[in-house]
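Colleague: Provide a 3D model corresponding to the input given below.
(chains A, B, C, D, E, F and G)
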Amino acid sequence: MNSSNYFSRWFFGFIVLSLLWLAFTFPFSLAELYTGLVVGAFISLFTAKYFEEFGISSFAPSKILGLLIYIPIILWEIIKANIEVAIIVLSPSLPIEPAIITAKTKLKSDIGKMFLANSITLTPGTLTVDIIKDTYFIHCIKIDKTDERYATESIIGKFEKHLRRFVK
Amino acid sequence: MNMNYALLLIAVPLAVAFLQPLFGMIGKKITKWVTFLTFAFNFAYAISLLNFVTANGPQIAVIGNWRPPFGINLYLSTLSLFLATIIYFVGMIVSFYFIGIKDKKIDDKLSLVMLLVVGAAGAIVMTGDLFNMFVFIEILSIGTAILIASRDKGMSYKGALKYMIFGSIGSAMLLFAIGFTYGTLGTLNLAEIALRFHEINPTLASFIVLLFTGGVFVEAELFPFNMWVPDSYEGASPHINAILSGVVSTAGIYAIMRVFMTVFGINIGDKILIYGKLNFNAILIAIGVITTIIGELSALTQKDIKKILAFSSMAQMGVIAFAIGIGNQTALTGGIFHLFNHAISKALLFLVAAMIIRNVGSSNIDDMEGFGRHNKFLAIIFAIGAFGIIGIPFFNGFWSKMYIIDGAVMRSTPWTYFALSFILGAALVEVFYYFRIIYKMFNDKKITTKNRIHPFAYISVILLAIVVLTVGIYPSLFSNILNSASAGIFDRVHYITTVLGMGVLR
Amino acid sequence: MFIIGIILITIGVIFSTLGALGLVRMPDLYNRLQTSTKATTLGAFSTIIGVGFLNPAWLIKTIVIATFILLTAPISSHNLARASHKWGIPLSDKTSVDKYDSKTGKEE
Amino acid sequence: MVILLYLVVLVLAISALCAIFTKDLLVSVVALGVNSLIVSALFFLMHAPDVAITEAAIGAGLSTAIYVFAIRHTKRQEEK
Amino acid sequence: MKKTEFLTGSFIALTLVVLLGVFFFQALFQPSYEGKVMPIDNVNLKDRVSLHYVLKNVNDASKYLATNGMRYFNNRSSVPSKTITFGKTKNLEEGSANEVTSIVVNYRGFDTLGEVTVLFISIIGLTMLIGGVKEKKLRMPSVIVRTGSKFLFPFILLFGVYIFIHGHLTPGGGFPGGAVIASGFLLLLLGLENFKFNTTVSKVIESLAGVTFVGIGLVGLFMKNSFLANFIPTGTIGFLYSAGMVALIYIVVGIKVGAELSTGVAELKEGNKND
Amino acid sequence: MISSIFFYSTAFVLFLIGLFGVLTRKNIIKILVSLSITETAVNLFLVTVGYIKNGKAPILTNTIGSIGMNNLKFVDPLPQALVLTAIVIGLGTTALSLVIAIKLYKNYGTLNITKMGGKR
Amino acid sequence: MTILIWIWSIILSISIILVLYRCIKGPSLPDRVIALDMFTTITTGLLVLIAHFLNNYILLDVSLVYSLLAFISVIAIARYLESSKRG
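Modeller: So this is what the prediction gives:
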């Protein structure tokens, strides 16, 4: 699990928390910067053990780029799926065919699984009920085939390949 | 003498209480000693302040350098410091007794809570700000609930829960009263409220008084809000009961006296009309009489010594409320004196009862039959305490009750005589049931005892008994303090000018 | 900026209401979770970002708020779905397959 | 805005009544959570952000959790 | 039999409640005599003592009161005051931009000390009484909840610290900040199956923070001759490093409240078999 | 904005609902919930005491700029300070009462206050 | 702008009414919890909107609290539910 040493994780936390502090106290001033650095270093000291999988290597440009690409993709998926669900809700006959199906992922790390599950949950129409090892149990509001391979491709596939750019 | 240093009376218990968990890690015994020493310091300091104040007149202490009515201030008059001295004295004795009893695991926390309860009671009698009083009343009531529950029996939790529920409703009503007061007058300082309370519309004013009643009657064990008394006293350990009746109800009665008489100005001179018909003095007298009658009659039917003492304590509160309701200076002097006597004698009675219960192994008075033969000393001390409460001549309760009767006769309306007859009748009932306990104790019967009693317990009880006897023989010991205390209650002008500065009334 | 903001807020408000409508109309708990919480999440998200567009100085903070919503909302709704399934809330009659049910026994 | 305000107060009253009259204690706690949340929003509307922030963190967050833990140690249904 | 008893009980309670409600509304809306009533919609800050808290001229007001006496109460607004500008006005008697904070911590700081004590005593009581209650284990959390709580915990902690450090500039302060920190620990308690909250450390932190609060007060007493008096320069209003001891006290309060509430929540969840 | 009569009425109604619950409910936790509602109502009342129509939140910011005797824009901050205290006190009370309720349940096996007879 | 405010508040009112309906009727406890969750999400958006109308930047802190903390109570109840028997 511990892919990076303590210092590296501490440094990651330090940078991220300091940046977040600057976002909290938006109109920039030097006093805020100093305070943010101190507070970030201090909190990161205690919480570094919770930054599994992260470290200095997380700041590699390819990973950040991956994250930046991923955000618009997930937003677009959310909007698309929301419109689909809106149509279902508004139609008087309520055309739903719910089912709980399984799908398999290739992601290894917990944090990757969490991001994937959250992405699935955020797109309406699909909802992660549980994860056992690498099997996702997904509740779908409208599904044609309950086949596992189909589900893996259609639901997980579209997020997974982008996610793998920045998490394992 | 710089009066701002009087804050140490409140700050030191708080600081020590915050440190108490650290002491608890070193050893449980240390926490008990620290508690005792803190009370001893407070007691000594309060006495020195009391001397100063009696000589030089009331003083104020300001907090944060903000002068009243803008900041919070302490009002150090003879009355407040006298009551604070009583409170710290009772706390000191009980914590000394507490050192003696066997160690339990929770003792470090218990001594912490005791420290905070007594400290908060001391703060209530000194503060000069309405909301600050509320905050400290909350500390007092939460701490008291913890103390009640600490015996870890079903009964004690029931008592604590009842107390919590009544306390919460009371504090909600108190907050409403604070809201109304602030909304109309725009201030929370007691002196400024006293100065301008007559400006409030009478309907609203009487409503504020009613709501305030709900808040403080819980602590003072007075009629509509005293349903918690029997359960809580029965559930709690007896030495905790000494704090309950000696400290908590003292603080509650002080709040009634100060806020009702000085601040709201409800006395014979200018009465507040409640919806145009009733006057509040009469209500207070009625409440006092009802509380006394209920207390004494229920005590008569009980077998459990803790419950008997609890109902008796409720009845004494009724007597004091009656004295406040009478409203002239003689009666009020008697009331304050009786508060003192009650605190000391009840603490004595509860501590002795604790020792007896520990010795006999039961709190039923039937099981105590023959205890006096076995341990004459304790039984005599119990008798001294009981005589003090009843008011046998040449014991302390006698003098205070004489003052109250004197005041009631001076008022001389048929309504007062009528009420007084009830109080006297109730006192007779009291004589009856106390003598029943004493008679049973000196009955001839073999008794087996279980536990040894620590010498510390004897020392604390003897100290209290000495105070009871001394005050009984020299009742004039405190007379100048008592007179200036009761005069301070009536002298609203002096109160206002002391707090707000001399030039205010120009 | 102003127009974008107003459009975003309108979208957000409408999606919130659609989510609420879904909450009322859907036959069983899981479908309600599906439509309601997530639609509302998008609603809140775009409302917040829309406000950020109306006052550009607020944009960074609104993005922070919206990000936190996106991070927290799915966790709670996932946990709720799992809990209800373990607790035994039935699925609606329309459900065709329930592969989770057989597995849960093995896990314990 | 005014409509919203009336509605908020309606929700407040209904959730309070629901908290008192339901048999299931957890439902009662949920209703209390809704109540806290809405009151917090009302504080916000009354220009009291400090109070709103405290009520949101304490009333709606911690309080609910404390109640849930307490119910977990006791019994969920109110007995007759 | 039972039912009628219940109905009568409810009826009596209802009557009582309705009566109290009538009193409320009569006291508020239908005053029958002359005199001040609760202001409805016409609240004027100039009638209230908080005028001086807002304008930060309490010292001037006390001087005015001492010289003019009763005239002050008739017209509070005659006290001299100056206009306070954000980011410009310097060295006021009290320097925090958030008026609520300035009242809570500075003008009425003693109340806050009492409030901290209330929380302290109730948590002490909680830890004392919870002894003998066994923990009821929660089921294994799913991967999502476990990872999610680990991931969010640092951010929640940072946000809590932000709230109490910025107590004098933005809404919030020590109490909500502490509650947010406690919520972070609550999340860990719920989300991680083997998370043990270290109550000993939190007790030490809590004690030291409490003593520091009283200690700040005592420093005021010895340096400025009054308990809880401000002994640090107040700076320019609206800046981070301003408001004197307000920020200091709020940091102490935040840490203390956070430690306390986390202890309380942890004890309530886990019970305490030993004591 | 809206008149403060509205808020006063809400607070009172909420208080009365809570009080009714305290008086009639038998279950301890239900009573505590009712007490929480009462506390909320009191807080609402206190905030309303300081509410001013068209006021502003009592925090000096860039957008408000400056404040003086002639442009008092704030609502009354003091009641809000009181409410902060009251909320925290309410939390402490609630936590302690709940622990007492748990212990009562352990001792008597029920949460109904009318069934808690006898000494244990 | 005023018209827009009216439209928005009417639409939001409808959604609040719908959620309230589910909160009252909700056959089982989780339904009500969903309603609680939804109330928090809607309120977060609403608070940001109100902060805009009051034109006060620092009020955003309150909705930040909502967005970070409100889900904890839902998780507490859900964790309770999944480790206890129904009934």
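
Colleague: shouldn't A:L127 be within a strand?
Modeller: Yes. Looking at A:L127 with DSSP: H, G, I helix; E, B strand; the rest coil, it is inside a strand.

Colleague: measure the closest residue to it other than its chain neighbours to chain G for me?
Modeller: Distances taken as CB to CB, 6 or more residues apart in numbering or on different chains place A:H139 nearest to A:L127, at 4.4 Å, with adjacent residues excluded. (Glycine included, C-beta is placed from N, CA and C.) According to CB to the nearest CB, to the nearest Å, A:H139 and chain G sit 14 Å apart.

Colleague: low-confidence stretches in the stretch 201-350 of chain B?
Modeller: B:266-278 (pLDDT under 70).

Colleague: show me which helix or strand of chain A is least confident by mean pLDDT.
Modeller: Ranked by mean pLDDT, DSSP states H and E, the helix or strand of chain A with the weakest confidence is helix A:148-151, at a mean of 76.

Colleague: does chain C sit close to that helix?
Modeller: No. Judged by CB under 8 Å from any CB of the partner chain, helix A:148-151 stays clear of chain C, getting no closer than 8.5 Å.

Colleague: for stretch G:33-47, same thing?
Modeller: Yes. Judged by CB under 8 Å from any CB, stretch G:33-47 and chain C are in contact via G:33-35, G:37-38, G:41-42, G:44-45.

Colleague: closest one to A:H162 out of the residues you listed, please.
Modeller: G:T41 (25.9 Å; CB to CB).

Colleague: show me what contacts the residue in chain F positioned nearest to chain A?
Modeller: When scored by CB to the nearest CB, chain F has F:N62 as its residue closest to chain A, at 7.8 Å. When contacts are counted by CB atoms under 8 Å, 6 or more residues apart in numbering or on different chains, F:N62 touches A:27, E:86-87, E:238, G:57.

Colleague: low-scoring stretches of chain C, by residue?
Modeller: Scanning chain C for pLDDT under 70 picks out C:101-108.

Colleague: what of chain F?
Modeller: Residues of chain F that meet the criterion pLDDT under 70 lie in F:1, F:117-120.

Colleague: pull the longest helix from it.
Modeller: Scanning chain F for the helix with the most residues, using DSSP state H, yields helix F:77-108.

Colleague: against B:N42, how distant is the closest residue to E:V104 other than its chain neighbours?
Modeller: The shortest distance from E:V104 to any non-neighbouring residue, by CB to CB, 6+ apart, is to F:A81 (4.6 Å). Going from F:A81 to B:N42 by CB to CB, to the nearest Å gives 29 Å.

Colleague: now do the SS call for E:M140.
Modeller: Once three-state DSSP is applied, E:M140 turns out coil.

Colleague: quick one, what contacts B:F371?
Modeller: Taking CB under 8 Å, 6+ apart as the test, what B:F371 contacts is B:356, B:359-360, B:378-379, B:441, B:447.

Colleague: which residues of chain G score low on pLDDT?
Modeller: Using pLDDT under 70, chain G drops low at G:86-87.

Colleague: next: chain D.
Modeller: D:1, D:78-80.

Colleague: now the helices for it?
Modeller: D:2-21, D:25-45, D:49-54, D:63-73.

Colleague: and what of chain G?
Modeller: Under DSSP H, chain G gives helices at G:2-25, G:29-54, G:60-82.

Colleague: quick revisit: so for the longest helix of chain F, what gets flagged as buried?
Modeller: The neighbour-count check on helix F:77-108 (16 or more other CB atoms under 10 Å in any protein chain shown) flags F:77-105, F:107-108 as buried.

Colleague: before we move on, what about stretch F:36-54?
Modeller: Quick answer for stretch F:36-54 (16+ other CB under 10 Å): F:36-52.

Colleague: just those residues: which are in helices?
Modeller: Going by DSSP H, the helices hold F:36-49 from the buried residues of stretch F:36-54.

Colleague: center of chain C - which residue?
Modeller: For chain C, C:K38 is the residue whose C-alpha lies nearest the centre (CA atoms, centre = their mean; 1.6 Å).

Colleague: check whether F:T24 really touches E:T8, as I assumed.
Modeller: No. F:T24 lies out of contact with E:T8 (CB atoms under 8 Å); the separation is 10.7 Å.

Colleague: of these two, who's got more company?
Modeller: Per other CB atoms under 10 Å in any protein chain shown, whichever of F:T24 and E:T8 has more neighbours is F:T24, with 20 against 10.
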